[in-house]
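Participant: Would you be able to build a 3D model of this:
(2 chains)
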Amino acid sequence: MLNVTIPDPKRAMKLGNTLDPKVVARDVNVYYGEKHALHDVSVDIPDRGVMAFIGPSGCGKSTFLRCINRMNDTIPICRVTGKISIDDEDIYDPALDVVQLRARVGMVFQKPNPFPKSIYENVAYGPRIHGLAANRAELDNIVQSSLEKAALWKEVKDRLNDPGTGLSGGQQQRLCIARAVAVSPEVILMDEPCSALDPIATAKIEELIDELKKNFCIIIVTHSMQQAARVSQRTAFFHLGVLVEEGATSDIFTNPKDQRTQDYITGRFG
Amino acid sequence: MRIDRKPFFAGIMPSLSPRPDAESHTEPTAASTAAAGKPKGEAAPMNEHIVKSYEEELALLDRKIAQMGGLAEHILGQSFDALERRDPQLAEQVVKSDKQIDQLERDIEEQVISMVARRQPLADDLRHVMAALRITTDLERIGDLAKNIAKRALAIAHESHPKPLMTGLRHMGELALAQLKDVLDAYAARDADRALAVWREDENIDSMYNSLFRELLTYMMEDPRNIGLSTHLLFGAKNIERVGDHTTNIAETIHFLVKGTNITDDRPKGDDTSSTLFSKD
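Facilitator: Numbers count the residues shown, from 1 in each chain, chains lettered A, B, ... in the order given. Next up, the predicted model:
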C-alpha cells in the first residue's frame, strides 16, 4: 500500500491540478490610480500548453496578461501588488532586468505591428539587440527557423528584404509571432491575436498556436469563446477584475461551475 | 380500455388531438415554458439570452420534444390496447402515427444541427441541444417498439388470448408507460432527482419481463400449439422491456443535462433471461 500525501489537495484542485506550473500568480492586485482593476488573482499556468483568458471588455484579463511581462510598468499610474513568478523566479524582484524578462516573455498584440523595416530585419532585430547571434550566418539561421516556426517561411523566403508592412494582415501577425519567437522566449502572451484577421488567417494562427504549444507556454486573451475552446487546454474567466473560474477548457465550456461563467459563455449577460 | 392513459398526458400534451399535426407547433404547455425559462432544481434562475431568437429556438426544441414524447406515450398506450382488445384498426393507427414520430425526430435533428452550426451553443445550452438529440433518438425507438407491438397485435388478432398472460403483459405495459410519463415530466421540469428515480425503477420492469418470460416458456411447454402466440407475446414483452431501457436512457440524459455529469452508480438489473436456459427437468 502506497502512502502518498498530496500537498493541500483542495488547492491543487482549485488551481486545476497544475502541479508543475510555469507561471504562478498569487494575490495579484492592480490599481490604475484610484481604480482597483484586478482583485486577488491567483492562478497557475502550465508550461507547454495554451491557457485562454476570457471575459467581457474591461474585466481585467488584458491587465493581468500585461502583468506577466511587466508591460504595466510603462503606465505611470499603474501599481501592481502580489506575486508573479516564472519558474519560481519572482518577476517583480527589483533586481530583475525587465528587458531580459521581456525577452523571456514575448508578446503578440491585437493589431499586427511589424517594424517599418524589412521582413528580415523585423525578425533579426530581437536576436541582434540581445546578442543571440555571433555572426551573420547564425542570425540567418535564427531568422529562417523563426519564420518557419511561425509558418511564414515558405511565403516570404524569396522576399526577405521587402518591407514587413507590405504583407497581408495574417502574414503580418505571423511575422510578429516570428519576431516574438526569435528571441527564444519561454512564455508567449497573445492579446487577441486574431481579432483583426479573417477566418482563414485566423485558422493559420490557431494552427500555429497548436504547433508552438509543444515548446512554449502560451497565454491568449480572446473575445471569441469558440477560439478559446478550440486552442486552449485551460481557460480562465475574468469578470469585474475578479478571476471567477479557472479549469480545463472542456469543463469550462460544457459544465462551468459558476453562474457568471455560465451566463457569459452562453451569451446571457444582462 | 383498461389501461388508463389519461393522467400520463397531464402537463405533457394537454390538447393532443387524435391525429396531431407534426408540422404545427402547439402552444407551449405550462411544463415546457417552465423548462425553457426557469429550470427548477438546484440551478439558479437563468437569465435570458441576449439574442432573443436563440432563446426562442431552445424553447421550440423543448416544445418539439414534449410533443414527440406525448405522441410516443399515446401510441404506446394504443399499441397495448390493440394487443389486449385484439383491435386491428387501432393497430393500423399506431403504425400510421409512428410516421409522425419519425418526422418529428428528423425535424428535431435538423434543428439541432442547424443550431450547432449557427449558434455554437456552450455550457448548459450545449447540453440542452445534445440532450434533445439523444432524447429524440430514444423517443423514436420507443415509437418503433410501439409499432412493433401493434404489428404483433395484428398477427395474433384471431388467436385466443390466455388471460393471466395478458394481465401480466398489461401490468408491465402500464409500468413502462408510467415510467415514460415520469421521465418526460422530469425533462420538462429539469428534475434530475426524478430522472434518477425513474432510472432506478427500471429494475421492476426487468423483473416483470423475467417472470413473464418464464410463464411463457411454461405455457409453450404445455402445448406446442401455443408456441406461435407465445412467441409473439414474448416479443411484445421484450419490446416493452426495451421501452423501459430507452426510458432509462432518457433519464440518464436528463441527469447529464441538469447536472453536467453522468449517473455513476451501477444500474440495478432485474433481467436475467439472457442467461436462463430452457430445460425440461
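Participant: Could you use CA atoms for every contact and neighbour count after this?
Facilitator: Noted.
Participant: any idea how far stretch B:68-86 is from the chain center?
Facilitator: In terms of Cα atoms, centre = their mean, to the nearest Å, the centre of stretch B:68-86 is found 11 Å from the chain centre.
Participant: What of stretch B:130-147?
Facilitator: Its chain's C-alpha centre and that of stretch B:130-147 lie 7 Å apart, by Cα atoms, centre = their mean.
Participant: How about the residues of the stretch 101-250 of chain B by chain A?
Facilitator: By Cα under 8 Å from any Cα of the partner chain, the part of the stretch 101-250 of chain B that sits against chain A consists of B:120-127.
Participant: Could you tell me the per-residue confidence at residue B:18?
Facilitator: Listed pLDDT for residue B:18 reads 38.
Participant: Also residue A:173?
Facilitator: pLDDT recorded at residue A:173 is 93.
Participant: Just give the number of residues close to residue B:257.
Facilitator: If you count neighbours by other Cα atoms under 10 Å in any protein chain shown, residue B:257 ends up with 26.
Participant: returning to that earlier point: CSV for the residues of the stretch 101-250 of chain B next to chain A, including neighbour count and pLDDT?
Facilitator: Listed next are those as CSV, based on neighbours: other Cα atoms under 10 Å in any protein chain shown; pLDDT from 0 to 100:
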residue, neighbour count, pLDDT
B:120, 14, 91
B:121, 23, 93
B:122, 24, 92
B:123, 23, 92
B:124, 22, 91
B:125, 24, 94
B:126, 21, 94
B:127, 21, 95
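Participant: Tell me the one of these nearest chain A?
Facilitator: residue B:123 (4.0 Å; Cα to the nearest Cα).
Participant: ok, the closest one touching residue A:261?
Facilitator: No. Using Cα atoms under 8 Å, residue B:123 is not in contact with residue A:261, being 9.1 Å away.
Participant: Mutual contacts of the two, please.
Facilitator: residue A:252 (Cα atoms under 8 Å, 6 or more residues apart in numbering or on different chains).
Participant: circling back: what is the nearest of the residues of the stretch 101-250 of chain B next to chain A to residue A:220?
Facilitator: Residue A:220 has its nearest neighbour among these in residue B:122, at 19.6 Å by Cα to Cα.
Participant: where's that closest one relative to residue B:69, distance?
Facilitator: Distance check for residue B:122 against residue B:69: by Cα to Cα, to the nearest Å, it reads 25 Å.
Participant: can you check residue A:227 too?
Facilitator: 36 Å.
Participant: Compare those two and say which is more crowded by neighbours.
Facilitator: residue B:69 (27 against 17).
Participant: tell me the mean pLDDT over the helix or strand containing the more buried one?
Facilitator: For residue B:69, the element it lies in under DSSP states H and E is helix B:52-85. For helix B:52-85, mean pLDDT is 94.
Participant: Point out the other helices and strands that it packs with.
Facilitator: Applying 3 or more Cα pairs under 8 Å, 6 or more residues apart in numbering or on different chains; DSSP states H and E, one finds that helix B:52-85 contacts helix B:6-9, helix B:30-37, helix B:88-119, helix B:123-155, helix B:163-189.
Participant: Figure out which of those is closest to residue B:237.
Facilitator: Closest to residue B:237 of the helices and strands packed on helix B:52-85, according to Cα to Cα: helix B:163-189, at 6.5 Å.
Participant: Does that closest one pack against any helices or strands, and if so which?
Facilitator: Using 3+ Cα pairs under 8 Å, 6+ apart: helix B:163-189 touches helix B:6-9, helix B:30-37, helix B:52-85, helix B:192-222, helix B:227-259.
Participant: Many thanks, I have nothing further to ask.
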